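**Student:** Everything below, folded, please.
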Amino acid sequence: MRAQGPSYGVDPERVVVAGGSAGGYLALLAAYTPRDGALTPDDVGARDLGVRGVISCYGPTDLRAHYDHTRQDIWGNLGQATEAQPPGPLIRGVLGTSYERLGLGKTGAVGAMEPLVGGTPETVPDRYALFSPSTHVQPGCPPTLLIQGKDDVIAPVRATNLLFEQLVAAGVSAVNIVFPHAEHGFDLVLPRWSPVAQTAWYYQERFLALMV
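**Tutor:** Coordinates of the predicted model:
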């Protein structure tokens with residue numbers, strides 16, 4: 001985007017990365033590690049990968065906290081949990097195309113960290129730290145908007161709150177919005193009528209207006 005953006009009328013100095021759930025996690029990690037050699041492919045290592053801002057909607061901020069919060073220690077070998085019953089046709093109808101995007105059509109332990117990271121937090125703690133956005137907070141991180149539901153069963157809100165405190169302590173401009181009685185993916189269920197979804201979009205639009 002920074003290299004080719006001008007060809008499409010995009011200001012490379014005003015790029016904001018954003019995402020929800022795993023996408024929010026990746027947005028944070030990308031935004032906080034533009035010059036980290038351990039996370040930057042060689043073919044782009046010499047390029048400026050910095051961004052103007054970052055938005056994370058209920059993205060995990062600490063992989064160890066996420067592992068513990070979702071009780072993956074009792075999932076069994078390599079995260080192969082007992083298969084859960086998939087959501088019924090009503091949920092599929094409500095979510096529409098988001099049903100498959102969220103992985104709800106899959107079976108087994110969706111979101112298992114052990115096969116992805118290569119072990120448990122006990123066996124490969126350095127990897128869990130390396131791949132956690134909270135590890136990379138430092139002065140100079142881009143302005144950050146964090147949005148999450150207090151009752152999130154996937155991304156622990158306590159870890160998000162701790163990330164916000166880290167950002168503030170580092171002098172990074174940050175806003176942390178936690179909605180009471182809201183779950184993971186709250187903005188995907190009836191978003192045109194949901195007050196909490198509409199509020200989340202409102203604050204994202206305000207953030208973008210300030211950034212770009």
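**Student:** What lies in contact with stretch 30-42?
**Tutor:** With contacts defined as CB atoms under 8 Å, 6 or more residues apart in numbering, stretch 30-42 is touched by 17, 29, 45, 48-51, 53-54, 130, 133, 136-138, 141-142, 144. (C-beta placed from N, C-alpha, C; glycine too.)
**Student:** Which positions within that stretch qualify as buried?
**Tutor:** 30-34, 40 (16 or more other CB atoms under 10 Å).
**Student:** contacting residues for the residue nearest to Ser56 when sequence neighbours are not counted?
**Tutor:** Once flanking residues are discounted, Ser56 sits nearest to Gly24: 3.4 Å by CB to CB, 6 or more residues apart in numbering. By CB under 8 Å, 6+ apart, the contact set of Gly24 is 18, 55-60.
**Student:** Against Phe179, how distant is Gly24?
**Tutor:** 15 Å (CB to CB, to the nearest Å).
**Student:** got the buried residues of stretch 30-42 as JSON lines, with distance to Tyr203 columns?
**Tutor:** Listed next are those as JSON lines, based on distance: CB to CB, whole Å:
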{"residue": "Ala30", "distance to Tyr203": "21"}
{"residue": "Ala31", "distance to Tyr203": "18"}
{"residue": "Tyr32", "distance to Tyr203": "21"}
{"residue": "Thr33", "distance to Tyr203": "25"}
{"residue": "Pro34", "distance to Tyr203": "25"}
{"residue": "Thr40", "distance to Tyr203": "30"}
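**Student:** Tell me where the model's unsure across the protein.
**Tutor:** 76-95, 99-110 (pLDDT under 70).
**Student:** For stretch 180-187, report the contacting residues that lie outside it.
**Tutor:** Taking CB under 8 Å, 6+ apart as the rule, stretch 180-187 contacts 20-21, 57-58, 98, 102, 148-155, 179, 194, 196-197, 200-201.
**Student:** Strands of the protein, residue ranges please.
**Tutor:** Using DSSP state E, the strands of the chain run over 16-20, 53-57, 144-149, 174-179.
**Student:** Fine by me, we can end here.
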